[in-house]
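**Q** Just a sequence and a predicted model for now, questions to come.
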Amino acid sequence: MRDVIVSLVIQMQVFEAIRTRRSIRQYSSKPVEKDKLLKVLEAVRLSPSATNRQPWSFIVVTKPELKEKLREAYDRDWFVSAPVIIVACAHPDKAWVRSDGEEYWKVDVAIAMQDLILAAWEQGLGTCWIGAFREEEVKKALQIPDDVRVVAMTPLGYPAEEKGPVSNRKPLEEIIHYDGW
């Protein structure tokens with residue numbers, strides 16, 4: 001019975017993080033504590049991937065000069081002013097490929113990023129999924145090998161803004177189908 005109660009509490013915490021998480025575009029200069037950063041990174045490590053290949057690497061950027069170099073890839077003051085930037089990379093050659101040729105490296109890294117973002121929110125940290133960046137500039141700034149792809153980036157830090165709940169989501173009836181289309 002205790003396991004059921006613990007499970008329900010954990011499920012409620014995860015759902016609350018999903019429900020309340022927002023993209024943050026203003027960050028406090030307060031540093032992210034090492035234990036909180038490690039918890040966020042542990043969420044990445046524990047993330048599922050197709051056939052458990054784990055075809056990812058994550059780069060934690062804290063040096064101001066490197067964050068400034070990333071401005072060449074994504075030129076936003078709020079992005080480079082965050083205490084930490086995390087760059088999510090994929091190793092396509094290590095990822096599972098479906099029999100029809102569909103590659104899963106983007107999916108695998110996206111799952112890990114979502115876990116990172118939810119774990120960060122649980123720790124009181126804000127993030128903002130960045131996909132509109134110049135990949136070659138990121139690779140140049142961080143000396144990422146040619147065979148590695150940059151999938152996403154996120155600033156990480158304490159929010160310096162408050163946002164209300166998300167209200168612009170489609171109703172379930174519009175997006176869910178049962179037993180067929």
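**A** Looks like it arrived, so ask away.
**Q** can you give me the helices in this structure?
**A** Per DSSP state H, the chain carries helices over the ranges 2-20, 34-45, 64-70, 77-81, 105-122, 135-142, 172-175.
**Q** Check which residues of the second one are buried.
**A** Along helix 34-45, these residues count as buried under the neighbour rule (16 or more other CB atoms under 10 Å): 36-37, 40, 43-44. All C-beta spots, glycine's among them, are computed from the backbone N, C-alpha and C.
**Q** my read: residue 14 touches residue 119, true?
**A** No: the pair residue 14 / residue 119 is not scored as a contact, 10.0 Å apart, by CB atoms under 8 Å.
**Q** tell me which strands and helices the longest strand anywhere in the chain is in contact with?
**A** Longest strand in the chain, counting residues (DSSP state E): strand 149-157. Contact partners of strand 149-157 among helices and strands, from 3 or more CB pairs under 8 Å, 6 or more residues apart in numbering; DSSP states H and E: strand 84-90, helix 105-122, strand 126-127, helix 135-142.
**Q** If we use 6 Å, what do you get?
**A** Where contact means 3 or more CB pairs under 6 Å, 6 or more residues apart in numbering; DSSP states H and E, strand 149-157 is packed against strand 84-90, helix 105-122.
**Q** winner for burial among the ones you listed?
**A** With neighbours defined by mean count of other CB atoms under 10 Å, none of the helices and strands packed on strand 149-157 is more surrounded on average than strand 84-90, at a mean of 23.
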